[in-house]
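# Sequence plus predicted model, see below.
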Amino acid sequence: MLQHGKFKEYAHYQCLKICDYIKMTRGVEILSMRAEFLKDDLENIWFSYASNIYFRKGKGKMGVVDDDAE
């Protein structure tokens, strides 16, 4: 995606990967968030910050909600 200049699509894909990882490991489903990405001088894209995160507890990968996933 980055080779074709699709930075917005790349950032969206990275957010989906982050949300999926959190859902599998912590049992928390991210409903929406505002994410900030930065591009450095070498054209690398970095996840910098997330705010306005709305989530709900759900079932994790093993079907169990982790009590400290708050």
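Here it is on my side, so go on.
# shaky segments in this structure?
Within the chain, the segments meeting pLDDT under 70 span 1-3, 59-70.
# Show the residue spans covered by the strands in it.
Here the chain has its strands, by DSSP state E, at 28-39, 45-57.
# Looking at these, which is nearest to Lys6?
Among the strands of the chain, strand 45-57 comes nearest to Lys6, with 11.0 Å by C-beta to C-beta. For glycine as for every other residue, the C-beta is placed from the backbone atoms N, C-alpha and C.
# buried set for that closest one?
Phe55 (16 or more other C-beta atoms under 10 Å).
# on contacts alone, who are the packing partners of that strand?
Contacts defined by 3 or more C-beta pairs under 8 Å, 6 or more residues apart in numbering; DSSP states H and E place strand 45-57 against helix 7-26, strand 28-39.
# quick one: it to strand 28-39, angle?
Relative orientation of strand 45-57 and strand 28-39, computed by axes from the mean of the first three to the mean of the last three C-alpha atoms, to 10 degrees: 160 degrees.
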